[in-house]
Structures are given as structure tokens and as C-alpha cells.
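Asker: Give me a model of this one.
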Amino acid sequence: MNVSAICLNNLHRRYEMGDAYVDALRGVSLTVARGEFVALVGPSGSGKSTVLNLVGGLDRPTEGQIWVDGVELTGQDERGLTAHRRHRVGFVFQSFNLLPRLTALENVALPLMFSDVQEQQRLARAQVLLEQVGLGDRLNHLPTQLSGGEQQRVAIARALVAEPGLLLADEPTGNLDTATGGEIMAVLKVLNTGRDLTLLVVTHDPEVAAFADRIVRLRDGQVLEEGT
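Answerer: Purely as a prediction, here's the structure:
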């Protein structure tokens, strides 16, 4: 864990809102080691999701620099950011975003359709991941036939099918009850340690944050404190 997976240097993000401006981030600097599990916590509007979007290449900073696995994102064009999102990063959101007419297996394999991976290999890789998240017996079920926790497990498997080194999760237990949310976090923790996966999770829930190696507290677009 001596190699940085994420390095943020003096990040600012200003949004124009009509005639006014909103500073979502005001000089955020943060380093995350490879294989580390970090939770970003703070009240609404603190800048948590903005950090996640910038690291994931979904947005660009107004000022500052971002490195992921030694690659500087701030200098990338749209093609470079697309490659970053496709190969280097996996995303898990509060809403599961599964395609309703595809089975769990097909949903997980779907991102590989945009790569040079043959169908048989796509499905084989998807099956292995679904087995790893405890859904080996639900491969051919549609999302409507799965519980909320099972749908989120499918979403996690889908996020990892392209074998990224970094997983970004935005309130991954937000639509789940406490017990199911704990099960999902346990799955993420096993993947974090077993696959040497770097994990950056945004949450307002202290029980979710407790799974992390380190907690970073944000407020008003700035890092307030860090600790275990």
C-alpha cells in the first residue's frame, strides 16, 4: 500500500448558478494508497459526491490536479476520460441502475460489450463475479425477481467486470435497510481485501463508514479532519 491510487492536489470546483457561483470544493488535497478503503463523510453539500465525480472522470475541476494510478486526469481529453471510466474505475450508486429486461448475468457482462471480449468470456467472467458476491444461484433472474440487496450485489459485480483497480461507491446502502446495508458493506470489504481493490465510499452513515480503513470528513468543500 505504498503506491498512491489517488492523489488530489488543491482541488477546487465552482459551479455557475445563474448570476451566482457555488464553490463545491475549496482546496481539497487527499492521497489514497493502493488497496486502501476510505470513507468520505459529511453533511449534504459538503463536497463528497463532487470529489467522487472528479476522481471518476465524470466532471472536471475548476482548479487543481487529479492523479489516479499515476495518470493525471486533468490533462485528459474526452477520449482519455472515457477510457478512464471504462477501464480504470468501477462505479456503484445508491440506485442500482440495472437494465430490467436483462438477467443478472447479462447485466454484469454488459460493460464488456464495449471491449474486445468475446461473449463466452464475458459471461464466464460475469458468472465468477456473481458467485463472489453470493449470487451464484441467481444468474438468470431478472432485477424484478431480486431483492434490493441482491440488486446491489449485481451492481457491484457489474462495476468490477472490467477489472478496475478502483471502486467508487456513492451511498451504496442508501436504498437498503440497516441489516442488508451491513451485508453489502461486508461484501465490499471482502472484495477490498481479497482483490487488493482501492475503495472510495461516500456516505452519511457512521455504520457504513466504520468499515473503512480511514474516514475523511468534509465540510463546506474542505477537508475537516482525517482519522481511523
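Asker: Can you pull up the most central residue in the protein?
Answerer: Leu168 (1.4 Å; Cα atoms, centre = their mean).
Asker: For that one, pull up the helix or strand it's in.
Answerer: Taking DSSP states H and E as the definition, one finds Leu168 inside strand 166-170.
Asker: now Gly149
Answerer: Counting by DSSP H and E, Gly149 is part of helix 148-160.
Asker: Check what contacts that helix and list those residues.
Answerer: The contact list for helix 148-160, computed with Cβ atoms under 8 Å, 6 or more residues apart in numbering, reads 90-93, 96-98, 104, 107-108, 110-111, 126, 129-130, 132-135, 138, 141, 143, 146, 167, 172-173, 175-176, 180, 183-184, 187-188, 191, 195, 197. For every residue, glycine as well, the C-beta is placed using N, CA and C.
Asker: At which residues are the helices of the chain located?
Answerer: Here the chain has its helices, by DSSP state H, at 48-55, 78-83, 104-109, 119-132, 148-160, 178-194, 206-209.
Asker: Check the offset of the fourth one from the chain's centre.
Answerer: Looking back up the chat, that one is helix 119-132. Relative to its chain's centre, helix 119-132 lies at 20 Å (Cα atoms, centre = their mean, to the nearest Å).
Asker: before we move on, what about the second one?
Answerer: Helix 78-83 has its C-alpha centroid displaced from the chain centroid by 17 Å (Cα atoms, centre = their mean).
Asker: what is the rounded mean pLDDT of that helix?
Answerer: Mean pLDDT, helix 78-83: 93.
Asker: How about the fifth one?
Answerer: Helix 148-160 shows a mean pLDDT of 97 in the predicted model.
Asker: tilt between that helix and helix 178-194?
Answerer: 20 degrees (axes from the mean of the first three to the mean of the last three Cα atoms, to 10 degrees).
Asker: Enumerate the positions of helix 148-160 that are buried.
Answerer: By 16 or more other Cβ atoms under 10 Å, the buried positions in helix 148-160 come out as Gly149, Glu150, Gln151, Gln152, Arg153, Val154, Ala155, Ile156, Ala157, Arg158, Ala159, Leu160.
Asker: what angle separates it from helix 119-132?
Answerer: Going by the same axes, to 10 degrees, helix 148-160 makes 130 degrees with helix 119-132.
Asker: Of the contacts of helix 148-160, just the buried ones, PyMOL syntax please.
Answerer: To isolate the buried members of these in PyMOL, using 16+ other Cβ under 10 Å:
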select buried, resi 90+91+92+93+96+98+104+107+108+110+111+126+129+130+132+133+135+138+141+143+146+167+172+173+175+176+180+183+184+187+188+191+197
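Asker: how close does the nearest residue to Gly136 once chain neighbours are set aside get to Ala169?
Answerer: Counting by Cβ to Cβ, 6 or more residues apart in numbering, the nearest residue to Gly136 once its immediate chain neighbours are dropped is Leu130, at 6.1 Å. Per Cβ to Cβ, to the nearest Å, Leu130 is found 18 Å from Ala169.
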